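**Student:** return atomic coordinates for the entry below.
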Amino acid sequence: MKSAKFDWLARAGYGARGVVFLLVAGLATFSSLGGGEADTKSALDVLLDQPLGSLWLGVIALGLLGFVAWRLAQSLANADGHDDSVKSYVIRLALFGSAVTYIGLAVYAFQNALGMGSRGGGGEDSLAAWAMAQPFGRYLAGAIGVGFLTGGIVTALKGITRRFERYLDLRESQPLLLICVYGLVARGAIFAIVGIFFCYAAFTVDPSQAGSMSDALRWIGQLPFGGVLYLVVAIGLAAFGIYNLVEARYRRVKSPSMADVRVGLPKLHR
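**Tutor:** The predicted structure follows:
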């Protein structure tokens, strides 16, 4: 079953995420020259500083909520029709983690659009600090790090294997498909590096060792041939933004029902 309203929610969500990552890519390019942060919250802050910034930020926030709704449909209701295998449940768990991440970003956007938030608050180091303050905190922080790392690997493999093509109503367009592959691999690499930072923070019981997307980019810049690698990844984040715009236009969206939710839940008894 396909609902036009849900279809628009999902497409608005992909579009909003695409715009955010295009802004992140621009920030990454400029920060390589003059310093500064290159992450999703900084991208939203830049948008807020533009003419009618509060309005645009509010529109992005609404789009991100649509993306959260779609991610929940994919993960909990199995809207993409994954089979009953461990691999499929890992993918759906990563999708659920994405939903949780973008709830936080949507709230951040809404608060700042309404003039009620503080800029740049609550990065990955804050999340690590919160996790470590809980019972068995270092293990919780480590689990979050493994989640980031798994999400990065899943995202990169999605690009390398071109599995994303099965969900697109897109006629063969090799240059556009290659841009999508490039974007997914670059985004996956950044996600995996953030996961490694998180795991290291858990190992050392030091929340400050957790890193954001911006920290991951800085780490890449310190590697041999770091300037070139940094630019390759920054352009890759722009490609990831374009991939999301492709999804917004060509993605097949199935609206979930309660039957989908029941079928999509793991089968605990056989």
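**Student:** distance between stretch 177-188 and the chain's centre?
**Tutor:** Taking CA atoms, centre = their mean, to the nearest Å, one finds stretch 177-188 lying 13 Å from the centre of the chain it belongs to.
**Student:** renumber starting at 24 from here on
**Tutor:** Renumbered: residue one is now 24, and that last one reads stretch 200-211.
**Student:** show me what counts as buried in it.
**Tutor:** For stretch 200-211, the neighbour count (16 or more other CB atoms under 10 Å) marks 200, 202-211 as buried. Bear in mind the C-beta positions are built from the backbone N, C-alpha and C, glycine included.
**Student:** go on, stretch 41-50?
**Tutor:** So for stretch 41-50, counting by 16+ other CB under 10 Å, buried means 41-50.
**Student:** so which of the residues you listed are in helices?
**Tutor:** The helices, defined by DSSP state H, take in 41-50 from these.
**Student:** one step back: which one among the buried residues of stretch 200-211 gets closest to residue 127?
**Tutor:** In terms of CB to CB, no member of the buried residues of stretch 200-211 lies closer to residue 127 than residue 210, at 17.6 Å.
**Student:** quick check on that closest one: phi, psi?
**Tutor:** Per-residue torsions, residue 210: phi -60, psi -40 (degrees, to the nearest 10).
**Student:** where does the stretch 174-293 of the chain have low pLDDT?
**Tutor:** For the stretch 174-293 of the chain, applying pLDDT under 70 flags the ranges 195, 279-293.
**Student:** all helices for it, in order.
**Tutor:** Here the stretch 174-293 of the chain has its helices, by DSSP state H, counting those that start in this stretch, at 197-227, 236-244, 249-273, 281-287.
**Student:** any chance of those helices in CSV, plus distance to residue 136?
**Tutor:** Listed next are these as CSV, based on distance: least, CB to CB, whole Å:
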stretch, distance to residue 136
helix 197-227, 25
helix 236-244, 22
helix 249-273, 21
helix 281-287, 32
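**Student:** and residue 174, which of those is closest to it?
**Tutor:** Judging the helices of the stretch 174-293 of the chain by CB to CB, what sits closest to residue 174 is helix 197-227, at 5.2 Å.
**Student:** show me how far that closest one is from its chain's centre.
**Tutor:** Offset of helix 197-227 from its chain centre (CA atoms, centre = their mean): 10 Å.
**Student:** that one to helix 249-273, inter-axis angle?
**Tutor:** Helix 197-227 and helix 249-273 are oriented at 120 degrees to each other (axes from the mean of the first three to the mean of the last three CA atoms, to 10 degrees).
**Student:** quick one, the helix or strand containing residue 84 and helix 249-273 angle?
**Tutor:** Using DSSP states H and E, residue 84 maps to helix 76-99. Inter-element angle recorded for helix 76-99 and helix 249-273: 80 degrees (by the same axes, to 10 degrees).
**Student:** so which bits of helix 76-99 are buried?
**Tutor:** Residues of helix 76-99 classed as buried by neighbour count (16+ other CB under 10 Å): 76, 79-99.
**Student:** with adjacent residues omitted, what lies nearest to the spatially most central residue of the chain?
**Tutor:** Among the residues of the chain, the one closest to the centroid is residue 121, at 5.8 Å (CA atoms, centre = their mean). Spatial nearest neighbour of residue 121, chain neighbours left out: residue 94 (5.1 Å); criterion: CB to CB, 6 or more residues apart in numbering.
**Student:** what does residue 39 give?
**Tutor:** Distance criterion CB to CB, 6+ apart; nearest residue to residue 39, sequence neighbours excluded, is residue 86 at 2.7 Å.
**Student:** what does residue 213 give?
**Tutor:** Residue 213 sits nearest to residue 239 (CB to CB, 6+ apart), 5.0 Å away.
**Student:** same question for residue 111.
**Tutor:** Counting by CB to CB, 6+ apart, residue 105 is the residue found nearest to residue 111 once chain neighbours are left out, at 3.7 Å.
**Student:** got a list of what the one you found touches?
**Tutor:** 111-112, 114-115 (CB atoms under 8 Å, 6 or more residues apart in numbering).
**Student:** show me where the stretch 24-173 of the chain has its helices.
**Tutor:** Remark: helices assigned in the stretch 24-173 of the chain by DSSP H, counting those that start in this stretch are 27-57, 63-71, 76-99, 109-136, 147-155, 160-183.
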